[in-house]
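# show me the folded form of this:
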Amino acid sequence: MLCTNLGGIDRGLRVLIGFALLAYAFAIGFPTTGWNQLGWLGLVPLVTGLIGYCPVYAVAEIDTLPRNRQK
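The predicted structure follows:
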């Protein structure tokens, strides 16, 4: 089991950014361009935000959880 290393604000922002990028991939509210496939990169912040764990943060030893809630 992975322990979390993302705080609430960080998780929320990642989920919002992930959904926005996915909306760009599906051209929902955005014009269709040749670059819409880049919106699929939104899966990365969406998944990391939902599970609360970022492997890049783990390697860099970054933890955005409040001090009293760290495990």
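# surely residue 14 is in contact with residue 42?
No: using C-beta atoms under 8 Å, residue 14 is not in contact with residue 42; the gap is 9.7 Å. For every residue, glycine as well, the C-beta is placed using N, CA and C.
# now for residue 49, how many residues are close by?
21 (other C-beta atoms under 10 Å).
# who's in contact with the most centrally placed residue in the chain?
For the chain, the residue sitting closest to the mean C-alpha position, by C-alpha atoms, centre = their mean, is residue 45 at 1.9 Å. Each residue near residue 45 by C-beta atoms under 8 Å, 6 or more residues apart in numbering is listed here: 14-15, 17-18, 21.
# tell me which helix or strand it sits in.
Secondary structure from DSSP states H and E places residue 45 in helix 43-51.
# quick one, helices of the chain?
Ranges of helices within the chain are 8-25, 43-51, 55-59, based on DSSP state H.
# poorly predicted segments of the chain, please.
Within the chain, the set of residues satisfying pLDDT under 70 comprises 1, 69-71.
# look up how far residue 19 lies from the residue nearest to the centre of the chain.
Distance of residue 45 to residue 19, given as C-beta to C-beta, to the nearest Å: 9 Å.
# what is the nearest of the contacts of residue 45 to residue 57?
Nearest to residue 57 among those, counting by C-beta to C-beta, is residue 14 at 10.9 Å.
# near the closest one, how many other residues are there?
Neighbour count for residue 14, taken as other C-beta under 10 Å: 21.
# go on, residue 52?
For residue 52, the neighbour count with other C-beta under 10 Å is 18.
# my guess is it meets residue 11, correct?
Yes: the criterion here is C-beta under 8 Å, and residue 52 meets it with residue 11 at 5.8 Å.
# if I look at the residue nearest to the centre of the chain, how far off is residue 61?
20 Å.
# before we move on, what about residue 32?
Note on residue 32: its distance to residue 61, by C-beta to C-beta, is 41 Å.
# cool, and residue 5?
Counting by C-beta to C-beta, the gap from residue 5 to residue 61 is 9 Å.
# neighbour-wise, which of these two wins?
Per other C-beta under 10 Å, whichever of residue 5 and residue 61 has more neighbours is residue 5, with 22 against 7.
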